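K.L.:
Below: sequence and its predicted model.
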Amino acid sequence: METREAAERFVRVWERAWAAHDVDALLPLYAEECVHRSMPFRRPHRGRAELADYLRWSFARERVTDVRFSAPVVGADGVAVAEFRVLAEEEGAPSTLAGCVFVRFDEAGLAVATRDYWHTADGHEEPAGDLFLL
């Protein structure tokens with residue numbers, strides 16, 4: 001599978017599945033032995049089972065009201081990046097999470113390595129200027 005096709009599928013599924021907290025829809029996007037880093041200094045989640053545990057834990061704390069992903073930017077060697085913005089409520093208080101995900105895809109179009117970089121803000125905020133770079 002071409003990287004662009006894999007990346008477009010990745011963001012399309014993530015946008016829909018995050019809003020629904022549908023972990024089962026997300027897992028088929030990943031290779032069985034994937035490595036996911038949810039933050040630069042956290043221990044990586046290795047394999048689909050650890051990723052599933054992390055996602056269920058993460059989703060349990062939020063009630064999502066809106067999820068948006070940018071179109072992916074595709075680079076060399078199976079790598080793509082996309083920005084995201086999530087409006088949610090945590091413990092009844094509105095919050096905004098904005099960040100980006102870097103993904104390396106294998107030849108089958110599965111994510112073998114992902115890294116997220118994100119920031120949260122109290123309230124529902126839109127980034128200053130354009131929502132996404134592209």
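P.N.:
Looks like it arrived, so ask away. Numbering: from 1, shown residues only.

K.L.:
Provide the contact partners of whichever helix or strand residue 25 is part of at residue level.
P.N.:
Secondary-structure assignment from DSSP states H and E places residue 25 in helix 23-26. Helix 23-26 has contacts (CB atoms under 8 Å, 6 or more residues apart in numbering) with 13, 14, 16, 17, 18, 52, 55, 56, 59. All C-beta spots, glycine's among them, are computed from the backbone N, C-alpha and C.

K.L.:
would TSV of the residues you listed with pLDDT and secondary structure be doable?
P.N.:
Shown next, in TSV, are the contacts of helix 23-26 (pLDDT from 0 to 100; DSSP: H, G, I helix; E, B strand; the rest coil):
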residue	pLDDT	secondary structure
13	98	helix
14	98	helix
16	97	helix
17	97	helix
18	96	helix
52	98	helix
55	96	helix
56	97	helix
59	94	helix
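
K.L.:
Got a ChimeraX select line for the buried ones in the residues you listed?
P.N.:
In ChimeraX, a selection of the buried entries from these looks like this (16 or more other CB atoms under 10 Å):
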select :13,14,17,18,52,55,59
